[in-house]
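**Student:** the following comprises the amino acid sequence and a computationally predicted model.
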Amino acid sequence: MRHLHYAQILAFVLFVGSCAVEEERPITVRGSDTMVAIGQKWAEIYMQKFPEATIQVNGGGSGTGISALINGIADICQSSRPMKQRERDIIRRKYGRDVIEIPVAKDGIVVYVHESNPLSEISIRQMKDIYTGKIRSWKELGWEDRPIVIYGRENSSGTYEFFKKCVLDGEDFDARVQTLPGTGAIANAVAQDKYAIGYGGIAYSRGIKLLAAKATDDSPAVAASETTIADNTYPISRELYFYLVREPKGRIRAFIDWVLSDEGQFLAIAEGYFPIRPINSREYLSNRLLP
Amino acid sequence: MSSTPASSTAVPTSPKVNQTAKWLDRLAQRFISGVALVSISIILLILFFTFKEAQDVFLDAEVRKEVLPTLFSTNWQPISDSPKYGVIPLFIGTLKTTFIAMVIAVPIGILSALYAVMFAPKWIKEILKPSVELVAGLPSVVIGFFALVVLSGWLQDLTGSSFRLNALVGGVAISLTVVPIIFTISEDALSAVPQSIKEASYALGATEWETAFYVVLPAAYPGIFASILLGLGRAVGETLIVLMATGNAAITSWSVLDSTRTLTATIGAEMAEVVFGDPHYNVLFLIGTFLFLFSMMLNLVAEFYIKAKLLKSFRGM
């Protein structure tokens, strides 16, 4: 008898608890480390505007976010790479539907060098030759005869995979490439190292020189900027995604709509990313809608 | 000590008290051995789990086919169209940083312990010990950051190396964590050398210096040896410092001025994103198994060696 009592009380408590959780459960966003900064900014401003909303944003990497989405721990997964076929298949099996993919911002991958480097532009072929070890000295790019110190991301990062696919055509990185955790660490290392080269998002770019990129050796050099990335003239850009396993409804829907609105897209620019479509950012700056 | 008959007569002996005491005694014994068993079994479970995740490298035909042909090559390219799992550069990386760390830490640790025990005035000793222990308390992320930002610049100016982050920077930074281990344990071993031995040496006309080097140091040798082994274990297992300070390029080179990638840094950098159950995942656990066995072996040798030798040498004298 007593056991039954306990069971009933427990069931009741769980029931009440689950109702409360259903009402006030925060929106959980997990995934890419590249996108943590922008995700947290979106959440912060959104919660300021709509105090009844709670949004939790965590990093851990695109892969971590995708597995959290699959396991139902996250409502939204932020990913800096498109989902792989294997991951899409798992979701179709488990949820009986295709994953929902929403591009929410764009990111340009920029190659940077030390401030004192005379180089101002670089072609994708040259990047490839440097990162696969065919070009070893700055002399071949018209500078001093000093070895190039090459920095890159760890092979767990989405940026690494993107660079490998788009710039190296899937070839392996040279073993000499020094890997550092995080684009910030690479920017910092390049800033301290006169003969260094590194790549990463434009979001972290203080104290170093960004090189304009040329799609082929003969094509014009294009500097990464809001317009060149939004209209795809800058050759190395990628989309950043939200992934969901259920049709967004209610508060999740409202949040995503706001992220895609001009205001949300302007925030992406303020954080050093790029909007998915050209927007009139000056209007937002002058209206001081945002901090 | 408490079991000598002399002390037991002091306790009033009523049969009932005796019974309760015995019962309590047994309970305490059971409890303590239970706690000890739990910690031993946790270690065994960790070893078991690590090995279980690694075993596919040898047992699963498909994984074996992908991993084994390249496992002993010099090419570490786990994320690739044709993945290569060559662990040789990683082993070389660990050997290089460990070697540098030990070359720096062993003399500094032992000599400063000898100084503290034999020569230092009391007030210096009182400053020296706590400050070395303070260094031991520094989190490795702090040391790693220091190495990345400050030490790497100094060493590059000094050596003129073309890589700012290299094995030397990592090794020097690791030595900061190894010195306190060697110092503390050596200091204990040196202080434990009986006063009578030193006095005998002085009585035979040896100077302080001769006594320190030819009498006290050899007498404490087993303890010092153990301290070196434990320091070695720390140097091999250090992850965060090498991850931050060595540049992590998997180059097969014995030069200490080249960037280098260690076994631990590889696990630290790649485990978070690796696809569960992938051959890459299995290889990372294989590396983990190796590191585990290696440090367990070091600790066991240190433990048994110190027990067998140190005690025997003192009794023998």
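**Tutor:** Sure thing, it's come through. Computed from a prediction, not measured in an experiment: that's the story for all the values here.

**Student:** show me where the stretch 201-317 of chain B has strands.
**Tutor:** In the stretch 201-317 of chain B, no strands are defined using DSSP state E, counting those that start in this stretch.

**Student:** any stretches of it with poor pLDDT?
**Tutor:** B:273, B:309-317 (pLDDT under 70).

**Student:** up against chain A, what does it have?
**Tutor:** B:243-244, B:247-252, B:259, B:261, B:269-270, B:272-276 (CB under 8 Å from any CB of the partner chain). Bear in mind the C-beta positions are built from the backbone N, C-alpha and C, glycine included.

**Student:** same thing with the stretch 1-150 of chain B?
**Tutor:** B:75, B:76, B:77, B:78, B:79, B:80, B:81, B:84, B:89, B:148.

**Student:** which of those residues count as buried?
**Tutor:** B:75, B:76, B:77, B:78, B:79, B:84, B:89, B:148 (16 or more other CB atoms under 10 Å in any protein chain shown).

**Student:** in a markdown table: the residues you listed, plus secondary structure and pLDDT.
**Tutor:** A markdown table is the format used below for those (DSSP: H, G, I helix; E, B strand; the rest coil; pLDDT from 0 to 100):
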| residue | secondary structure | pLDDT |
| --- | --- | --- |
| B:75 | coil | 89 |
| B:76 | strand | 91 |
| B:77 | strand | 89 |
| B:78 | coil | 88 |
| B:79 | coil | 83 |
| B:84 | strand | 90 |
| B:89 | helix | 94 |
| B:148 | helix | 88 |
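
**Student:** out of those, which comes closest to residue A:201?
**Tutor:** Using CB to CB, residue B:79 is the member of these that lies nearest residue A:201, at 19.2 Å.

**Student:** my guess is that closest one contacts residue A:154, does it?
**Tutor:** No. Using CB atoms under 8 Å as the test, residue B:79 is too far from residue A:154 to be in contact (9.7 Å).

**Student:** residues shared between the contacts of those two?
**Tutor:** residue A:160 (CB atoms under 8 Å, 6 or more residues apart in numbering or on different chains).

**Student:** okay but residue B:143 is in contact with residue B:176, surely?
**Tutor:** Yes. Residue B:143 lies in contact with residue B:176 (CB under 8 Å); the separation is 5.5 Å.

**Student:** any common contacting residues for these two?
**Tutor:** With CB under 8 Å, 6+ apart, residue B:143 and residue B:176 have no common neighbours.

**Student:** roughly how far does residue A:163 sit from chain B?
**Tutor:** Distance of residue A:163 to chain B, given as CB to the nearest CB, to the nearest Å: 12 Å.

**Student:** count of residues packed around that residue?
**Tutor:** 23 (other CB atoms under 10 Å in any protein chain shown).

**Student:** secondary structure element for it?
**Tutor:** helix A:158-166 (DSSP states H and E).

**Student:** now that helix: buried residues?
**Tutor:** A:158, A:159, A:160, A:161, A:162, A:163, A:164, A:166.

**Student:** equivalent analysis for stretch B:216-223, please.
**Tutor:** B:216, B:217, B:219, B:220, B:222, B:223.

**Student:** nearest to residue A:139, of these?
**Tutor:** Taking CB to CB as the measure, residue A:139 sits nearest to residue B:217 out of those, at 54.5 Å.

**Student:** ok, now which ones touch the closest one?
**Tutor:** Contacts for residue B:217 (CB under 8 Å, 6+ apart) come out as B:114, B:190, B:224.

**Student:** out of everything not next to it in sequence, what's closest to the second one?
**Tutor:** The spatially closest residue to residue B:190, leaving aside those adjacent along the chain, is residue B:117, at 4.1 Å (CB to CB, 6 or more residues apart in numbering or on different chains).

**Student:** you'd agree that neighbour is up against residue B:191?
**Tutor:** Yes. Residue B:117 is within contact range of residue B:191, at 5.4 Å (criterion: CB under 8 Å).

**Student:** nearest to residue B:237 among the buried residues of helix A:158-166?
**Tutor:** residue A:160 (26.1 Å).

**Student:** from residue B:189, how far out is residue B:182?
**Tutor:** 10 Å (CB to CB, to the nearest Å).

**Student:** quick check, the residue in the stretch 1-150 of chain B closest to chain A?
**Tutor:** residue B:79 (4.3 Å; CB to the nearest CB).

**Student:** list the buried residues of stretch A:211-229.
**Tutor:** For stretch A:211-229, burial by neighbour count (16+ other CB under 10 Å) applies to A:211, A:212, A:213, A:214, A:215, A:222, A:224, A:226, A:228, A:229.

**Student:** quick one, strands of the stretch 51-200 of chain A?
**Tutor:** A:55-60, A:76-79, A:100-113, A:121-123, A:149-153, A:178-180, A:196-201.

**Student:** tell me which of the ones you listed sits most buried.
**Tutor:** strand A:76-79 (a mean of 28; mean count of other CB atoms under 10 Å in any protein chain shown).

**Student:** so who does the residue lying closest to the residue of the stretch 1-150 of chain B closest to chain A once chain neighbours are set aside touch?
**Tutor:** The spatially closest residue to residue B:79, leaving aside those adjacent along the chain, is residue A:155, at 4.3 Å (CB to CB, 6+ apart). For residue A:155, the contact set (CB under 8 Å, 6+ apart) comprises A:179, B:78, B:79, B:269, B:270, B:273.

**Student:** in helices, which of the contacts of residue B:217 fall?
**Tutor:** Among these, the members falling in helices (DSSP state H) are B:114, B:190, B:224.

**Student:** compare the residues you listed and tell me which has the most neighbours.
**Tutor:** Among the ones in helices among the contacts of residue B:217, residue B:224 has the most neighbours (other CB under 10 Å), with 25 neighbours.

**Student:** spatially, which residue comes closest to it, not counting chain neighbours?
**Tutor:** Nearest one to residue B:224, counting by CB to CB, 6+ apart, is residue B:186 at 4.8 Å.

**Student:** ok, back up a step: most widely separated two among the buried residues of stretch B:216-223?
**Tutor:** Maximum distance among those (CB to CB): 13.1 Å, for B:216 and B:222.

**Student:** next, count neighbours for the residue lying closest to residue B:306 once chain neighbours are set aside.
**Tutor:** For residue B:306, ignoring the flanking residues on the chain, the nearest one in space by CB to CB, 6+ apart is residue B:226 at 4.2 Å. Neighbourhood size, residue B:226 [other CB under 10 Å]: 26.

**Student:** so residue B:226 makes contact with residue B:307?
**Tutor:** No. Applying CB under 8 Å as the test, residue B:226 and residue B:307 come out as separate, 9.4 Å apart.

**Student:** right, I'll call it a day here.
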